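1. Let me see the structure of the following:
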Amino acid sequence: MSSSPSSSSSTEGVQNPKRKLGLIANVMKRKDSYLQFFAMTGILLLSIRSLGQKYRINDLQEDNSALREEQVTLTDRVNNIKCRLLDEAALDPTGLLASRLRLLFGDSDD
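-> Residues are numbered from 1 along each chain as shown. Got it, this is the predicted structure:
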């Protein structure tokens, strides 16, 4: 009976290195499958990143158009304020305020 436990323990010790060797041999035998798996995983990750960048570009284009509209609106408001200030300054009988505003605004309408 003492020989059977020692023989089973020696058999287990031998099977363990064979199992590791078997795993490495299995990987080497199926390396094309592993390479294909890693390549497909890489392609999948790149596709996901590209999709995220596509949506980011769309969001940035929408932001760009909104900012352009806001710029047009602000430019119109500034021009409107300038016109009102010049109209009110033109009511001054001395004309000093109107000339000073034209200098500040860079207008040369005399």
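2. So, low pLDDT: which residues of this protein?
-> For the chain, the stretches with pLDDT under 70 are 1-21, 107-110.
3. What ranges does it have for its helices?
-> For the chain, the helices defined by DSSP state H occupy 3-29, 31-90, 96-105.
4. Compute the inter-axis angle for the shortest one and helix 31-90.
-> Orientation of helix 96-105 against helix 31-90 (axes from the mean of the first three to the mean of the last three C-alpha atoms, to 10 degrees) gives an angle of 160 degrees.
5. what's the spacing between residue 48 and residue 42?
-> Per C-beta to C-beta, to the nearest Å, residue 48 is found 11 Å from residue 42. Quick note: C-beta positions are derived from backbone N, CA and C, even for glycine.
6. Over to residue 104?
-> The value you get for residue 104 to residue 42, if C-beta to C-beta is used, is 61 Å.
7. can you check residue 105 too?
-> According to C-beta to C-beta, residue 105 and residue 42 sit 60 Å apart.
8. cool, and residue 57?
-> 22 Å.
9. what do you get for residue 106?
-> Residue 106 sits 58 Å away from residue 42, going by C-beta to C-beta.
10. The two: which has the busier surroundings?
-> Shown here are residue 106 and residue 42; by other C-beta atoms under 10 Å, residue 42 has more neighbours (10 against 7).
11. Next, the contact list for that one, please.
-> With contacts defined as C-beta atoms under 8 Å, 6 or more residues apart in numbering, residue 42 has no neighbours.
12. Just give the closest residue to residue 97, not the sequence neighbours.
-> Excluding the flanking residues, the one nearest residue 97 by C-beta to C-beta, 6 or more residues apart in numbering is residue 89, at 4.2 Å.
13. what's the spacing between the one you found and residue 76?
-> Computed with C-beta to C-beta, the distance linking residue 89 and residue 76 is 20 Å.
14. neighbour count winner among those two?
-> residue 89 (16 against 10).
15. In contact with the more buried one: list those residues for me.
-> By C-beta under 8 Å, 6+ apart, the contact set of residue 89 is 97-98, 100-101.
16. which of the residues you listed tops the neighbour count?
-> Result: residue 98 is most packed of these (other C-beta under 10 Å), 20 neighbours.
17. In this structure it contacts residue 82, no?
-> No. Here residue 98 lies out of contact with residue 82, judged by C-beta atoms under 8 Å, at a distance of 11.9 Å.
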